[in-house]
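Enquirer: what follows is a predicted structure for the sequence shown.
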Amino acid sequence: MSQENVQIVRAAFEAVNRGDMDGAWVRAAPDFQLDLSRALGPYRGVYGLSDVRRVADEFWGTWESSRFEVDEFLDAGNHVVTPFTNLIKGREAIEVQTRGAWAWTIVDGAVTRLCLYQERVEALEAVGLSE
């Protein structure tokens, strides 16, 4: 099951990177939660599936382009941790790189929770792993 979870997460990143937000959330559970409570930007909070599209559109709408480069897909049973670099290009050609880690929770093939962490170690600890 866990390799299937990695494939679900990989497909979501591929969809986001090609701008297909509907494809990114196709495996989201009806009670899905996007946890950005640890975010440093304006979208700090926990969002349900009905809010995800709005938050994503607002975030990506402020940039000329944004792309996630996943460092690795760390399989943790019902969780997948994905340390990443987000490459962002502003409308004035200013380029920004941010780093963080997502912890995905997947139950019966559906993504139930996606939580942002500022550090890889925090995401690993959250799912019961260590460095």
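Expert: All right, it came through fine.
Enquirer: what lies in contact with the helix or strand hosting residue 6?
Expert: Residue 6 is located in helix 2-17, with elements delineated by DSSP states H and E. For helix 2-17, the external contacting residues (CB atoms under 8 Å, 6 or more residues apart in numbering) are 21-27, 67-68, 70, 73, 75-80, 82, 104, 106, 109, 111. C-beta coordinates here come from the backbone N, C-alpha and C atoms, glycine included.
Enquirer: ok, stretch 63-77 next?
Expert: Residues outside stretch 63-77 that contact it (CB under 8 Å, 6+ apart) are 1-3, 5-6, 9-10, 13, 16-17, 59-60, 80-91, 93, 124, 127-129.
Enquirer: who does the helix or strand containing residue 83 touch, helix- and strand-wise?
Expert: For residue 83, the element it lies in under DSSP H and E is strand 79-89. Secondary-structure packing of strand 79-89 (3 or more CB pairs under 8 Å, 6 or more residues apart in numbering; DSSP states H and E): helix 2-17, strand 65-70, strand 74-76, strand 95-107, helix 120-126.
Enquirer: and residue 56, which of the three is it?
Expert: Here residue 56 is recorded as helix under DSSP: H, G, I helix; E, B strand; the rest coil.
Enquirer: tell me which residues touch the spatially most distant residue from the centre of the chain, please.
Expert: Most distant residue from the mean C-alpha position of the chain: residue 92, 25.5 Å away (CA atoms, centre = their mean). Listed by CB under 8 Å, 6+ apart, residue 92 has no contact partners.
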